[in-house]
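what follows is a predicted structure for the sequence shown.
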Amino acid sequence: MRKSLPRILVTAGPTREYLDPTRFISNPSSGKMGYLIAEEAWRLGCSVLLISGPTSLKPLPVKTLHVVSAREMFKVLQANFRDCDVLMMTAAVSDFRPKSYSPHKIKKEGCSRIVELISNPDILAWAGNHKGKKMLVGFAAQTERLFENAREKMLGKNLDLIVANCVGFQDRGFEANKIEFLILEPSTMKVPTRLWTKKKLAKYLVRKMITFFSEK
């Protein structure tokens, strides 16, 4: 008897941590990778929930919950985590947020120019501690020591698979259509980097996820 397809929860895009109504801490994530994964999983017949930070991407024909901050994403993910079989954590979540928020625009006159930051919740670490039989896939944007940093993150957060990608290049990375990456599983000891389109990587990951789920 053929097993049913897994239920997929995908996070995508950046988060924004507002200092005042006009300024925020964020990153250049476009959300393309997560949206492509969600679209491919939907195309193959999976039940898909997309939790998206702020992006300018065209809406997908999947259930999408929009969030802004890391804490909002964490709250929405917690509320829906038990109903998924696979978590694809592609979102580039802000590690820090301003300790205080001003409801009015901060004027440069009289401003100390020192912003105190505090840590945001570690969403992926929480998921790793509550995974049960779920499959967890993480992403790690890195500028150096790609393999070492990704392996440390994968093992430390109890992931089944991690995609480590190089950032800091105009033709590949956050806003580009191509991605330079390597894929690690807990048993991986050495692997070369690859340069693919994000669409090709999305197709590969979704099929790997379906195979992983069917063999459990």
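That came through, no problem. Given the structure is predicted, the values throughout are model-derived calculations rather than measurements.

tell me where the chain has helices.
Ranges of helices within the chain are 32-43, 70-80, 123-129, 146-156, 198-214, based on DSSP state H.

show me the shaky parts of the chain.
Scanning the chain with the threshold set as pLDDT under 70 gives 1-3, 110-111, 168-174, 216.

if you set the cut-off to 90 instead, what comes out?
1-4, 106-115, 142-144, 166-177, 188-192, 212-216 (pLDDT under 90).

point out the most buried one among the helices of the chain.
Most buried of the helices of the chain by mean neighbour count (mean count of other Cβ atoms under 10 Å) is helix 32-43; its value is a mean of 24. C-beta coordinates here come from the backbone N, C-alpha and C atoms, glycine included.

can I get that one in PDB, CA atoms only?
Taking Å, rounded to 0.1, in the frame of the first residue of the first chain, the C-alpha atoms of helix 32-43 are listed here in PDB:
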ATOM      1  CA  LYS A  32      12.800  32.500  -3.300                       C
ATOM      2  CA  MET A  33      14.200  29.300  -2.000                       C
ATOM      3  CA  GLY A  34      11.300  28.700   0.400                       C
ATOM      4  CA  TYR A  35       8.600  29.700  -2.100                       C
ATOM      5  CA  LEU A  36      10.100  27.300  -4.800                       C
ATOM      6  CA  ILE A  37      10.100  24.400  -2.300                       C
ATOM      7  CA  ALA A  38       6.500  25.100  -1.300                       C
ATOM      8  CA  GLU A  39       5.400  25.300  -4.900                       C
ATOM      9  CA  GLU A  40       7.200  22.100  -5.900                       C
ATOM     10  CA  ALA A  41       5.800  20.200  -2.900                       C
ATOM     11  CA  TRP A  42       2.300  21.500  -3.700                       C
ATOM     12  CA  ARG A  43       2.800  20.500  -7.400                       C
END
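
so what touches it?
Applying Cβ atoms under 8 Å, 6 or more residues apart in numbering, the contact partners of helix 32-43 are 8, 10-13, 48, 50, 52, 55, 57, 60-62, 88, 90-91, 139, 175, 177, 179, 198-199, 201-203, 205-206, 209.

can you rerun that using 6 Å?
The contact list for helix 32-43, computed with Cβ atoms under 6 Å, 6 or more residues apart in numbering, reads 8, 10, 12, 48, 50, 57, 60, 62, 88, 90, 198-199, 202-203, 206.

quick one: the strands in the chain?
7-12, 17-20, 23-25, 47-52, 63-66, 86-89, 96-98, 117-119, 135-142, 161-166, 178-184, 194-197 (DSSP state E).

for the second one, packing partners?
In terms of contacts (3 or more Cβ pairs under 6 Å, 6 or more residues apart in numbering; DSSP states H and E), strand 17-20 is packed against strand 23-25.
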